[in-house]
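**Q** When you get a sec, could you give me coordinates for this:
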Amino acid sequence: MGWRHLLIRKPGKLSVRYNQLVIEQEEKISIPLEDICSIVIEEQAVSVTAVALSKMAEYNIALFTCDQKRLPNGIWQPFQKHSRQVGVLHMQYAYSKPFKKRIWQRIVIQKLINQGKCLEFLNKQGADELYRISKTVDSGDSNNREAYGAKKYFQYLFGNEFTRRSDSVINAALNYGYAIMRGLVARSLVGYGFFPCLGIYHDNELNKFNLADDFMEVLRPLVDLYVAHHVQPDDEFSSSIRADLYNLVNMDILLNEEKLTVVNAVEEMAKSFVTASRSQDPSLLKLPELLPLQLHVYE
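**A** Residues are numbered from 1 along each chain as shown. This is a model prediction of the structure:
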């Protein structure tokens, strides 16, 4: 599984030679394709060969493109190539309503817990309230604790005047980080044969990543934690902020009592969803738990 995450910020060309990604800028460097997990291209004056795109699909490398504001606006994903693709599709269509409701319940509970931990790590008020709300989530979240918790959470996090619809550096940073998490979740789900357009809770007919949007919910507080701690309202949306947001994929996160990188935790989450789906047992789903921001150290 790939472990490198590349950020392309200067004009150049990406091509492939001998299963190595060749990056031509002021200098030419080569990186084994099997080592690469994701690539973000911020610079618009970058060309990518058709062979490079094909190889990225083959090696399940998530390639992000960005708009003129340097915000991710697209992701290159391979066609599903799982050995039992039709079987996975039938499995997704056959999910029972109780199964989907219990899966979404678990996601919402963990999201609220992670939001509480985010506030706790920042020494802000509200953590106990988020924990209390997490204990009131019913099957399918029919009482909409997720939306209620989010409203209270952002007030505690950024103040009563904050709104997610405003054009601010805070929202730009949040959107950037969320887009990275969404793409990594989609990458892992596709790798296990899932069709990401078929969601558990999200079901927008125009959204190709409904399932990814379901599972990325538990990772949003990781982005929130960085932004609330490091980004001020009068800051520029600088290259260093964007690099730090991208580097969140290498942070520690807790899964099943084990510290993993975010990328590895996402992979394990997707794998556990396979197990839960096959057995129709939501309790087998493993969801990551937020930790204080710390780069993962490999032993």
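**Q** Show the pLDDT at the residue nearest to residue 7 when sequence neighbours are not counted.
**A** Leaving aside its chain neighbours, residue 7 sits nearest to residue 40 (5.1 Å; criterion: CB to CB, 6 or more residues apart in numbering). Backbone N, C-alpha and C define where each C-beta goes, glycine included. pLDDT recorded at residue 40 is 95.
**Q** Let me see the contact set for residue 40.
**A** 5, 6, 7, 8, 64, 66, 72, 180, 246 (CB atoms under 8 Å, 6 or more residues apart in numbering).
**Q** pLDDT-wise, what's the bottom of the residues you listed?
**A** Within the contacts of residue 40, pLDDT reaches its minimum at residue 72, with 89.
**Q** and the gap between it and residue 223?
**A** As judged by CB to CB, to the nearest Å, residue 72 and residue 223 stand 12 Å apart.
**Q** For residue 263, see how far away the residue positioned nearest the centre of the chain is.
**A** Residue closest to the average C-alpha location in the chain (CA atoms, centre = their mean): residue 181, at 1.7 Å. For residue 181, the distance to residue 263 equals 10 Å [CB to CB].
**Q** Please apply the same query to residue 25.
**A** Counting by CB to CB - residue 25 and residue 263 are separated by 25 Å.
**Q** Which one's more surrounded, these two?
**A** The neighbour count for residue 25 versus residue 263, taken as other CB atoms under 10 Å, is higher for residue 263 (24 against 15).
**Q** Quick check: phi and psi on residue 103?
**A** Phi and psi for residue 103, reported as degrees, to the nearest 10, are phi -60, psi -50.
**Q** start the count at 651, not 1, going forward
**A** Happy to do that; since the first residue is 651 now, the last one works out to residue 753.
**Q** contacting residues for it?
**A** By CB under 8 Å, 6+ apart, the residues touching residue 753 are 850, 864, 923, 926, 932, 935.
**Q** ok, the fifth one - contacts?
**A** Residues touching residue 932, when contacts are defined by CB under 8 Å, 6+ apart, comprise 749, 752, 753, 755, 756, 926.
**Q** Nearest to residue 856 among those residues?
**A** Using CB to CB, residue 753 is the member of the contacts of residue 932 that sits closest to residue 856, with 22.6 Å.
**Q** Could you list the buried residues of stretch 770-779?
**A** Buried residues in stretch 770-779, counting neighbours by 16 or more other CB atoms under 10 Å, are found at 770, 771, 772, 776, 777, 779.
**Q** between these, which is closest to residue 682?
**A** Nearest to residue 682 out of those is residue 771 (CB to CB; 36.1 Å).
**Q** Helix, strand or coil: sort out the residue nearest to residue 657 for me.
**A** Classification of residue 690 using DSSP: H, G, I helix; E, B strand; the rest coil returns strand.
**Q** what secondary structure does residue 763 sit in?
**A** Secondary structure, three-state DSSP: residue 763 is helix.
**Q** is it true that it touches residue 785?
**A** No. Using CB atoms under 8 Å as the test, residue 763 is too far from residue 785 to be in contact (9.6 Å).
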